[in-house]
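1. Sequence plus predicted model, see below.
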Amino acid sequence: MIISPCISICKMDPVTGYCYGCGRDNDEKKIWKDQNTSDEWKKQNLEDIQKRMQGWQLESFKESYEHKKNNGMSLFKKKQLNDSD
């Protein structure tokens with residue numbers, strides 16, 4: 001199973017139409033939710049969205065996505081939960 005690239009920073013760039021957090025557009029988000037979407041498409045999309053990012057955004061995405069894959073939640077979501085305690 002390939003984990004969604006959503007890292008809980010869901011804010012769209014009005015110029016590019018890409019999410020600041022995961023780099024996807026709204027169509028890509030819908031495709032991810034479709035149960036018929038292939039793992040091959042998801043792998044390619046993960047490569048594509050990372051090519052859209054640069055610098056701190058790319059590094060932040062990689063770190064948070066890796067944390068999500070290993071721990072079940074993004075770093076941003078973890079911080080939100082810790083801040084609410």
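-> Cool, got the structure.
2. Residue 2 touches residue 40, doesn't it?
-> No: between residue 2 and residue 40 there is no contact under CB atoms under 8 Å: 9.7 Å. The C-beta positions use only the backbone N, C-alpha and C, and glycine is treated the same way.
3. Who has more neighbours out of the two?
-> Using other CB atoms under 10 Å, the more surrounded residue of residue 2 and residue 40 is residue 2, with 15 against 9.
4. List the single closest residue to the more buried one in space, sequence neighbours excluded.
-> Leaving aside its sequence neighbours, residue 2 sits nearest to residue 42 (CB to CB, 6 or more residues apart in numbering; 4.4 Å).
5. burial count for that neighbour?
-> 18.
6. next one: residue 22
-> The burial count for residue 22: 27, using other CB under 10 Å.
7. before we move on, what about residue 12?
-> Around residue 12 there are 15 residues (other CB under 10 Å).
8. next one: residue 65
-> 22.
9. show me the contacts for it.
-> Residues near residue 65 by CB atoms under 8 Å, 6 or more residues apart in numbering: 3, 5, 7, 74.
10. List the buried residues for the helix or strand where it lies?
-> Taking DSSP states H and E as the definition, residue 65 sits inside helix 55-71. For helix 55-71, the neighbour count (16 or more other CB atoms under 10 Å) marks 60, 61, 64, 65, 67, 68 as buried.
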